[in-house]
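Q: kindly return the folded structure for what I paste below:
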Amino acid sequence: MLTIIAYAGSSFEKQDLQSFIASAEGGDDVFQLSFLESVIFLSAGQNRSINLGEGVKALLHVYGNRRIDILNTPDLIVDPFPTGPYISYQEHLWQPWRVYSDTKSAFVASLEPYSSSVSERTTQNTLKNPNAKIKVSSRLYADKSSLGPLSGLRVAVKDCFDIEGVKTSLCNKAYLDVYPERTRTASAVYSIMANGASVVGKTKLNSLISKEDPTEAVDFSAPFNPRGDGYQSPAGSSSGSAAAVASYDWLDVAIGTDSECCLGKAAMVSSDIKSSKWKRKDACDCERLLWFADHAWCCRYGRSCAQFQVCIRFCYSGLY
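A: Predicted coordinates for the structure are as follows:
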């Protein structure tokens with residue numbers, strides 16, 4: 001276990017280390033202090049040299065550090081290794097993931113954390129396991145200057161939105177069996193992925209986006225509503241997205257749809273922040289269900305007003 005710290009300055013001081021540890025512990029759910037057992041400082045500045053200030057080694061020793069390396073390397077080598085925790089195994093460095101159980105049964109599928117390209121972010125996933133385990137990567141890897149302004153944002157997507165390389169189930173087993181993996185990503189989803197957001201999974205909905213109550217679902221069980229006694233109806237066809245955001249503090253935003261009152265119902269019973277806007281037809285990519293595609297909004301559910309505002313700006317960019 002080790003931590004890589006990419007630093008652009010020439011002198012890394014004790015207060016810099018204290019700031020990094022406080023930020024990592026307070027803002028990341030993957031990083032643990034045990035990753036400080038070995039630390040690699042990578043020079044990301046013009047002078048290609050890092051000096052450790054007084055007290056840095058002593059402070060790292062307090063946290064169990066056994067090894068410190070300072071590497072002055074060119075950008076070609078620095079770029080693939082952003083600041084964050086790593087696992088060293090068989091002469092390779094691996095980015096660790098944290099795995100969460102979907103205790104509220106809000107997800108249909110889990111998608112593996114993204115790699116460097118948009119297409120590779122969605123190729124390794126499964127819809128076969130009914131008990132989804134949601135995998136998330138460290139938020140410390142987020143670099144808004146290179147990955148995009150939404151880097152580090154974790155997003156869940158209602159399973160009526162197409163994602164390249166992934167099957168769309170519409171929470172209907174017959175539909176899932178008939179149609180193959182999608183060959184393109186819905187515009188509303190692609191816009192946030194291209195700006196750095198990580199899509200962690202696809203959420204449940206009413207079968208075939210119908211107007212049934214979620215508790216009447218047959219093929220896929222309904223999500224649990226985290227409010228009240230936990231057994232109230234999650235309401236609305238975007239119930240999985242609303243329940244996921246309301247239940248899991250490790251999830252930032254969820255994308256759903258709104259036809260008449262589906263968004264409002266699900267958000268109301270889950271106490272989520274919500275936003276919707278009349279869409280252009282290709283935003284949802286539900287062209288096979290024309291009644292839905294012509295009468296729907298693309299909507300978002302969120303936990304934080306600050307994150308929600310930033311996400312909305314890019315979700316609606318160029319679509320309306």
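Q: and the helix or strand containing residue 41, what other elements does it pack with?
A: In the assignment (DSSP states H and E), residue 41 maps to strand 38-43. Other helices and strands packing on strand 38-43, by 3 or more C-beta pairs under 8 Å, 6 or more residues apart in numbering; DSSP states H and E, are strand 2-7, strand 67-71. Using the backbone N, CA and C atoms, a C-beta is placed for each residue, glycine as well.
Q: so which of these is the most surrounded?
A: The highest average neighbour count among the helices and strands packed on strand 38-43, using mean count of other C-beta atoms under 10 Å, belongs to strand 2-7 at a mean of 20.
Q: thinking again about what came up before, chain center to the helix or strand that the strand holding residue 41 is followed by, what's the gap?
A: The element immediately downstream of strand 38-43 (helix or strand, assigned by DSSP H and E) is strand 51-52. Going by C-alpha atoms, centre = their mean, to the nearest Å, the spacing between the C-alpha centre of strand 51-52 and its chain's C-alpha centre is 35 Å.
Q: avg pLDDT for strand 51-52?
A: Strand 51-52 comes out with an average pLDDT of 90.
Q: next structured bit after that strand?
A: The helix or strand immediately downstream of strand 51-52 is helix 56-62, counting by DSSP H and E.
Q: now the helices and strands packed on strand 38-43 in CSV, with distance to residue 50 and mean pLDDT?
A: Shown next, in CSV, are the helices and strands packed on strand 38-43 (distance: least, C-beta to C-beta, whole Å; pLDDT from 0 to 100):
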stretch, distance to residue 50, mean pLDDT
strand 2-7, 6, 92
strand 67-71, 5, 90
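Q: for stretch 230-240, measure first residue to last.
A: Stretch 230-240 has its terminal residues 14 Å apart, counting by C-alpha to C-alpha, to the nearest Å.
Q: give me the domain ranges for this protein.
A: If you go by automatic domain parsing, the domain ranges for the chain are 2-95, 98-315.
Q: can you tell me which of those domains has the worst average pLDDT?
A: Within these, confidence is poorest for domain 98-315, with a mean of 75 (mean pLDDT).
Q: go through the chain and flag its longest helix.
A: Ordering each helix of the chain by length in residues (DSSP state H) puts helix 14-27 first.
Q: can you list the buried residues in that helix?
A: 14, 16, 17, 20, 21, 24 (16 or more other C-beta atoms under 10 Å).
Q: now the angle from it to strand 2-7?
A: 120 degrees (axes from the mean of the first three to the mean of the last three C-alpha atoms, to 10 degrees).
Q: and the angle from helix 14-27 to strand 38-43?
A: Using the same axes, to 10 degrees: helix 14-27 against strand 38-43 is 110 degrees.
Q: check the offset of helix 14-27 from the chain's centre.
A: 23 Å.
Q: in JSON lines, list the buried residues of helix 14-27 along with distance to residue 173.
A: Output for the buried residues of helix 14-27, formatted as JSON lines (distance: C-beta to C-beta, whole Å):
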{"residue": "14", "distance to residue 173": "58"}
{"residue": "16", "distance to residue 173": "53"}
{"residue": "17", "distance to residue 173": "52"}
{"residue": "20", "distance to residue 173": "48"}
{"residue": "21", "distance to residue 173": "48"}
{"residue": "24", "distance to residue 173": "42"}
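Q: widest-spaced pair of those residues?
A: 14 and 24 (15.7 Å; C-beta to C-beta).
Q: helices of the stretch 151-300 of the chain, start to end?
A: 173-178, 187-193, 239-247, 262-270, 290-293 (DSSP state H, counting those that start in this stretch).
Q: mind listing residues that contact the third one?
A: It stands for helix 239-247. Here helix 239-247 makes contact (C-beta atoms under 8 Å, 6 or more residues apart in numbering) with 103-104, 106-108, 156-159, 203-206, 214, 222-227, 233-236, 251-256, 266-267, 269-272, 301-303.
Q: which among these count as buried?
A: 104, 106-108, 156-159, 203-206, 214, 222-226, 233-236, 251-256, 266-267, 269-270, 272, 301-303.
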